[in-house]
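Participant: Could you work out the structure for the sequence below:
(one chain, ligands or ions: 2)
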Amino acid sequence: MTYVAAIDQGTTSTRCILFDHDGSPVASAQREHTQVLPGPGWVEHDPREIWANTRDVVSQALTRAGVSASAIAAVGIANQRETTVVWDRRTGEPVYNAIVWQDTRTARIVRELGEPDRYREVTGLPLATYFAAPKAKWILDNVDGARARAERGELLLGTIDSWLLWNMTGGPDGGVHRTDVTNASRTLLMDLGTLSWDAAIAGELGIPLSMLPEIRPSAEVYGRARGSRVLDGVPIAAALGDQHAATFGQVCFEPGMAKNTYGTGNFVLLNTGERAAPSTNGLLTTVAYQIAGRPPAYALEGSIAVTGSLVQWLRDNLGLIDSAADVETLARTVDDNGGAYFVPAFSGLFAPHWRADARGALVGLTRYVNRGHLARAVLEATAFQVREVVDAMNADAGLELTELRADGGMVGNELLMQFQADLLGVPVVRPRITETTALGAAYAAGLAVGYWSGQDELSALWSEDKRWNPAMTPEARGRTLRQWHKAVQRSLDWADGD
Ligand SMILES: Nc1ncnc2c1ncn2[C@@H]1O[C@H](COP(=O)(O)OP(=O)(O)O)[C@@H](O)[C@H]1O
Ligand SMILES: O=P(O)(O)OC[C@H](O)CO
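Facilitator: Ligands and ions are numbered 1, 2, ... in the order given. Presented below is the predicted three-dimensional model:
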């Protein structure tokens, strides 16, 4: 029996899952890593800790399955996107911590680069702190000697996929420096049409092209693992940004199919086929995936920065709950939100607003509001934000979404799933395997080495676990949406300066 391994390197943890030929998980391991929070709006990870955790979870998963690397046909990487690492090509030492996608320290860099839609036509993205290039510029501008070393060709720059791939393929001893089209499409440096680095934008940001990885399709053999004593000899056959991997794992292969992943943040992706659809409603245009030898599939994306992390905040910063799942129990102690609305603009607001000046706002408070109402407002905040990006998607793509495939850590929350269906007015559907990010990376890697025959075979493996149908009246939906939109207005224009 052979398996395909997936490494899912996420914002809060790293997982390794082994899948069998039916797409069922056979063993897994997971490890959290430290969130380094040096100041308001700053979020960093230690890339060495992420690499060490990756090695740990891979070897634990193998041990749990009772197999060695020889039983693994291929490994695929799915990773938190935009998070940026700069490291020394001779020693493998990062010159600074990884700057995480949520980090807003680059607000000034972004403002100084000019009006928000300057690079949208080429890259599909608005200028925002979210993306990799401003983070790379910050490191080159602020770490002593980094720019000179980069210009001398001593440093490499990459997102987490590249960092892991380089380390897994030998590191300083001939490591492969590549990235895939989906990760590259989140840097602000890739031309969406040509799928190559845009020298003019890199020049404006002062990022030497020599630092950048080679851009490759998502599903192809990048090299074989060697030198780290985990998975040695196994082909590394896929890399995708985690949200693109989830889209692949949900087999959203046809234009018009959409998925939403309910994790730390929420990310709704709609497959738009071989056409890179521009957005005039605050969404991103991005590459959904590319299989080697084939044209890429594009997507429209609604990225929401804070959803599951608001539940963590309720747990860790306020101590109102002991575990994330307890938020549902607390929310069920009341019948509604009691008038309270929570706009979790902790990193400003992402899609569809792109307002770096927004900050968290809890509005509608009266003496009546209690902990239960607060828990409900926290859960509802996720569903309201998803509704906003689905509205933008329908407007941009000229369609009416007919159902939403859901996955991620929050989909165990029945109250949230029902409220989501109520707010969208269309069913929300959960598949049998909710670890779709890892599954998508495994599927892409397995396709690249012929473990699976093609996308049709993968589509046939998808099956429904549960469906939530809308039950709210249009009047009630309209009323609560109006309140939400007012709450969003209250969160804007709060932060000034950096
Ligand atoms: N039952 C639940 N109800 C609400 N939120 C939950 C529940 N279980 C997990 N979460 C939230 O989901 C997130 C974890 O989901 P996961 O998909 O593992 O995240 P990521 O891959 O982004 O790290 C956490 O932010 C956690 O607060
Ligand atoms: O690691 P996750 O699941 O929080 O996803 C993070 C996204 O890739 C950020 O764009």
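
Participant: Now tell me what touches stretch 98-106 from outside.
Facilitator: 11, 41-47, 50, 80-85, 129-130, 134-135, 137-139, 160, 163, 265, 305, 346-348, 356, 498 (Cβ atoms under 8 Å, 6 or more residues apart in numbering). In short, each C-beta sits where N, CA and C put it, glycine included.

Participant: Keep only those that also lie close to ligand 1.
Facilitator: Restricting the contacts of stretch 98-106 to those near ligand 1 by Cβ under 6 Å from any ligand atom leaves Thr11.

Participant: Quick check on the contacts of stretch 98-106: which are buried?
Facilitator: Neighbour-count burial (16 or more other Cβ atoms under 10 Å) applied to the contacts of stretch 98-106 gives 11, 41, 43-45, 47, 50, 80-85, 129-130, 134-135, 137-139, 160, 163, 265, 305, 346-348, 356.

Participant: Against Arg15, how distant is the residue of the chain found nearest ligand 1?
Facilitator: At 2.1 Å from ligand 1, Gly409 is the closest residue in the chain, using Cβ to the nearest ligand atom. Using Cβ to Cβ, to the nearest Å, we find Gly409 at a distance of 11 Å from Arg15.

Participant: one step back: need the phi and psi values for the residue of the chain closest to ligand 1.
Facilitator: Dihedral pair for Gly409: phi -60, psi -30, per degrees, to the nearest 10.

Participant: For it, give me its contacts.
Facilitator: Contacts of Gly409 by Cβ under 8 Å, 6+ apart are 262-263, 308, 324.

Participant: again, but for Val67
Facilitator: 3, 18.

Participant: Now it: which helix or strand?
Facilitator: Using DSSP states H and E, Val67 sits in no helix or strand.

Participant: Looking at Pro40 now. What's its pLDDT?
Facilitator: Model confidence at Pro40, expressed as pLDDT, equals 85.

Participant: how close does it get to Asp173?
Facilitator: Applying Cβ to Cβ to Pro40 and Asp173 gives a distance of 40 Å.

Participant: Arg467: how many residues sit nearby?
Facilitator: By other Cβ atoms under 10 Å, 13 other residues sit near Arg467.

Participant: and the closest residue to Gly193 other than its chain neighbours, what is it in contact with?
Facilitator: Once flanking residues are discounted, Gly193 sits nearest to Ala276: 6.9 Å by Cβ to Cβ, 6 or more residues apart in numbering. By Cβ under 8 Å, 6+ apart, the residues touching Ala276 are 124, 192-193, 285, 298.

Participant: Kindly report the same for Arg186.
Facilitator: 81-82, 125, 131-132, 159, 241, 286.

Participant: Buried subset of the residues you listed, written for ChimeraX?
Facilitator: Selection of buried members from the contacts of Arg186 for ChimeraX, criterion 16+ other Cβ under 10 Å:
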select :81,82,125,131,132,159,241,286
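
Participant: With secondary structure, pLDDT and distance to Trp452 added, can I get the contacts of Arg186 in CSV?
Facilitator: Shown next, in CSV, are the contacts of Arg186 (DSSP: H, G, I helix; E, B strand; the rest coil; pLDDT from 0 to 100; distance: Cβ to Cβ, whole Å):
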residue, secondary structure, pLDDT, distance to Trp452
Arg81, coil, 97, 25
Glu82, coil, 97, 29
Leu125, coil, 97, 32
Phe131, coil, 97, 32
Ala132, helix, 98, 31
Thr159, strand, 98, 26
Gly241, strand, 98, 21
Thr286, strand, 97, 24
